[in-house]
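Engineer: how would this look folded up:
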Amino acid sequence: MSNHIHQDQQLFTESDIVHAYTRAEALADGVLIDVSAMANFPGGFVIPVAITAAVQGELQTIPARLQGEQSIIGRTHDLLLGAAAAARKCRRCSTLMFEVELDVGRSSSRQFRMTVSPGDQGTPVITIMLPNED
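Structural biologist: Sure thing, here's the model as predicted:
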């Protein structure tokens, strides 16, 4: 008996899948947050954009010294501007890293990862996450 798999054989078929966690489920569960409306600014994105809950946590964590000067909406806008600028530099990338300075006045930037992948219907969608997320 041969243990080799021929090129025309599939390891798994659709009937082997027990469960697939869809993007729609992740959005409904709050694992992903849809920011498409904010991302659709001139020079922004025309396809759906979501951020992970961890990214939202970063945006909501405004340092005490910046309370009253920054808002979650402003920080989200800065993130999306940074993502759009990174996407323009690498139009054919499916995954790219980019940095955004969320804490204005500090010389450190926060790194994020953006992926372009097929959504639940097979059309392109963007997800922005922390570098250690997948």
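Engineer: make it CA atoms for all contacts and neighbour counts henceforth
Structural biologist: OK.
Engineer: if I pick the nearest residue to G82 once chain neighbours are set aside, what's in contact with it?
Structural biologist: Beyond its immediate neighbours in the sequence, the residue positioned closest to G82 (C-alpha to C-alpha, 6 or more residues apart in numbering) is V100, lying 5.9 Å away. Applying C-alpha atoms under 8 Å, 6 or more residues apart in numbering to V100 gives the contacts D78, L79, G82, S109, R110, Q111, F112.
Engineer: Go through those and flag which are in helices.
Structural biologist: D78, L79, G82 (DSSP state H).
Engineer: From Y21, how far off is the first one?
Structural biologist: Spatial separation of D78 from Y21 under the definition C-alpha to C-alpha, to the nearest Å is 29 Å.
Engineer: just the second one next, same as before
Structural biologist: Between L79 and Y21 the computed distance is 26 Å (C-alpha to C-alpha).
Engineer: Same drill for those two, tell me which one is more crowded.
Structural biologist: Applying other C-alpha atoms under 10 Å to L79 and Y21 shows that L79 carries more neighbours, namely 24 against 8.
Engineer: Would you mind measuring from that one to L102?
Structural biologist: L79 sits 8 Å away from L102, going by C-alpha to C-alpha.
Engineer: Pairing partners for the residue nearest to G82 in the sheet, please.
Structural biologist: Beta-bridge partners recorded for V100 (DSSP bridges): R110.
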